[in-house]
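**Student:** Below are the sequence and a predicted model; questions follow.
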Amino acid sequence: MAALAAAALSPAAARAGSPGGSTPELVPLGGIAVPRLRARLLARLPLGPSGVAAVAFGADVVDGSRDLLALVSEGQVMALEPLSWQGEDGSRLYTGVSALPDRRRLRLRRSASAPLGHSFRHEEWTDYLLWQDRRPLADAPVRPVLAASWQALLAGQRATVIAALRSRAWTAADADLLAFCAPPRFPPVGSY
């Protein structure tokens, strides 16, 4: 990990979790190709008619360790979300994933913290994603997102990823797709 943190990464490589500026090696998992780093199938979730594979993989950057979550249905990426983050500055993000019984919504329970002087600022919230019949999962907030919160930061990133997923059928979590899922920066500007 120290060698990775010390390595000089290009912006594309940083987003792809690949040291030295090379394209990350992709491996098949859950019906798509993902970077090999910490690649694992987390679960098959009862979402939509045929279920969704929850595939996690590492996408580290110079100043932190990051895992992303790809939600896959019928060989296509339906959503790409931050699963966890551990920054060198002490910032952390953790996500718990579950499907609701209606088979239409996915729950993402989030917990984030970042250093604030000699203590930490914490935020916990729940995001929901909505199944949309062979289209990328939609953001489905149950209440307005608070401005300048970590939830707002991730909601903005999610909108960018959804737009990219709508542009074409993605069958791999490659460097081009990962470029739309920037590493979190805690705290967002103006959150204090």
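**Tutor:** Perfect, I can see it now. Numbering: from 1, shown residues only.
**Student:** ok, the helix or strand harbouring A114: who's next to it in the sheet?
**Tutor:** Using DSSP states H and E, A114 falls within strand 105-116. In the sheet, strand 105-116 lines up against strand 92-99 (antiparallel), strand 119-130 (antiparallel) (DSSP bridges).
**Student:** Next, give phi and psi for the nearest residue to R103 once chain neighbours are set aside.
**Tutor:** Using CB to CB, 6 or more residues apart in numbering and skipping residues adjacent in sequence, the residue nearest R103 is P46, 5.4 Å away. No exception for glycine: its C-beta is placed from N, CA and C like everyone else's. Torsion angles at P46 (phi, psi; degrees, to the nearest 10) stand at phi -80, psi 80.
**Student:** Same check on W85?
**Tutor:** phi -150, psi 130.
**Student:** where does this structure dip in pLDDT?
**Tutor:** Along the chain, segments meeting pLDDT under 70 span 1-22, 184-192.
**Student:** Contacts only, for the closest residue to Y128 other than its chain neighbours.
**Tutor:** Counting by CB to CB, 6+ apart, Y128 lies nearest to A140, which is 4.3 Å off, once chain neighbours are set aside. Contacts for A140 (CB atoms under 8 Å, 6 or more residues apart in numbering) come out as 105, 128-130.
**Student:** Sketch out the strands for the chain, chain order is fine.
**Tutor:** Applying DSSP state E to the chain gives strands spanning 26-29, 32-35, 40-45, 52-58, 64-73, 76-87, 92-99, 105-116, 119-130, 138-139.
**Student:** farthest residue from the center of the protein?
**Tutor:** The centre of the chain is farthest from one residue, H118, which by CA atoms, centre = their mean lies 28.5 Å away.
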